[in-house]
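Undergrad: Kindly return the folded structure for what I paste below:
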Amino acid sequence: MVEYLYDVVKTIAGEDISICAQITDTDGNDITSGCSLLFLDKDFEQISEYDGTYADGVWVFTIPAADTKGMYGRYWYRIKQKNDSLSFAAPLYIGR
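TA: Reported below is the predicted structural model:
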């Protein structure tokens, strides 16, 4: 189960986490390639990076269930394109 409140994500440990995003450039055009999601620990250190898939105007980034097994509390995620950050770190709450 994944719940969204703006860019805050709440999910369950040990389940796949799929985060969806519409990503556009400054002119409002869809960005269609090169985006990934950084999964960060409580100190903003990178745990892993996941390439997104783009279809029909929406990016989907999936953190596999095995990568969150046994994790609880507040973590962070950030979306980037190639080497450019597209967002500030946003909270990702992992519960039971």
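
Undergrad: Tell me how far Phe88 lies from Gly52.
TA: According to CB to CB, to the nearest Å, Phe88 and Gly52 sit 18 Å apart. Glycine gets a C-beta too; all of them are placed from N, C-alpha and C.

Undergrad: More neighbours: the two, which one.
TA: Taking other CB atoms under 10 Å, Phe88 and Gly52 do not tie; Gly52 has more neighbours (21 against 9).

Undergrad: And the more buried one, how far from Glu45?
TA: 21 Å.

Undergrad: now do Asp56
TA: 34 Å.

Undergrad: Same check on Thr62?
TA: 21 Å.

Undergrad: which of the two has more neighbours?
TA: Taking other CB under 10 Å, Thr62 and Glu45 do not tie; Thr62 has more neighbours (16 against 8).

Undergrad: Helix or strand next in line after the lengthiest strand in the chain, which one?
TA: Looking across the chain with DSSP state E, the single longest strand is strand 73-81. Remark: after strand 73-81, the chain's next helix or strand is strand 84-85, criterion DSSP states H and E.
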